[in-house]
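Enquirer: Model the structure of this input:
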Amino acid sequence: MKTINFYSLSILFIFNFFFCNMARADEIKVYEQMTAGKAIVIDIREKDEIKSGMIKGALWLPLSELNKNPAHAIKKLKAMMKDKELFLYCRSGNRVKSFISTIDKKGIKGQNLGGYEDLVSKGLPKQSP
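Expert: As a prediction, the model looks like this:
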């Protein structure tokens with residue numbers, strides 16, 4: 001029984017170490033793609049939320065705009081994308097799921113970048129809105 005616990009703990013430790021390092025690399029890679037013009041990052045938080053700042057270079061399209069006037073928001077989103085990969089973030093990453101579900105039905109693929117504070121804590125620079 002002790003052998004199984006040792007192996008289980010070892011695997012868990014290795015997985016956590018690998019996963020944590022990969023998560024950071026992904027956010028930084030996305031930021032590098034955005035600054036190289038190969039991707040866009042969109043902040044979907046509301047106006048009162050972006051007062052605390054945004055990821056430097058990110059565009060803003062709040063979820064409420066998508067919900068209020070989907071056709072207009074989709075048109076605006078397509079104009080922003082211009083054949084680039086799309087990454088979205090909000091406060092925690094939860095609202096992004098709803099946003100992605102809506103745009104996916106219109107043939108637009110987006111990826112969840114997570115939450116704003118988490119992105120900043122991982123080293124992504126921020127700017128005032």
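Enquirer: hey, let's count contacts and neighbours off CA atoms from now on
Expert: OK.
Enquirer: Helices along this protein, start to end?
Expert: Taking DSSP state H as the criterion, the chain carries its helices at 2-35, 63-68, 70-81, 94-104, 116-121.
Enquirer: Isn't residue 33 up against residue 27?
Expert: No: shown here, residue 33 and residue 27 do not form a contact pair, counting by CA atoms under 8 Å, at 9.8 Å.
Enquirer: Count residues in the vicinity of residue 30, would you?
Expert: 20 (other CA atoms under 10 Å).
Enquirer: meant to ask about residue 122, not that
Expert: 14.
Enquirer: Ok, residue 123 next?
Expert: 11.
Enquirer: ok, the most centrally placed residue in the chain to residue 68 distance?
Expert: Compute the mean C-alpha point of the chain, and by CA atoms, centre = their mean the closest residue is residue 113, 1.7 Å away. Separation of residue 113 from residue 68 (CA to CA, to the nearest Å): 23 Å.
Enquirer: same check, this time on residue 88
Expert: Applying CA to CA, the value for residue 88 to residue 68 is 18 Å.
Enquirer: Which one's more surrounded, these two?
Expert: residue 88 (27 against 10).
Enquirer: Tell me the bridge partners for the nearest residue to that one once chain neighbours are set aside.
Expert: Among residues not flanking residue 88 along the chain, residue 42 sits closest, at 4.8 Å (CA to CA, 6 or more residues apart in numbering). Residue 42 has these beta-bridge partners by DSSP bridges: residue 59, residue 88.
Enquirer: Just confirm residue 42 contacts residue 60, I think it does.
Expert: Yes: with contact defined as CA under 8 Å, residue 42 counts as touching residue 60 (5.4 Å).
Enquirer: No further questions, thank you.
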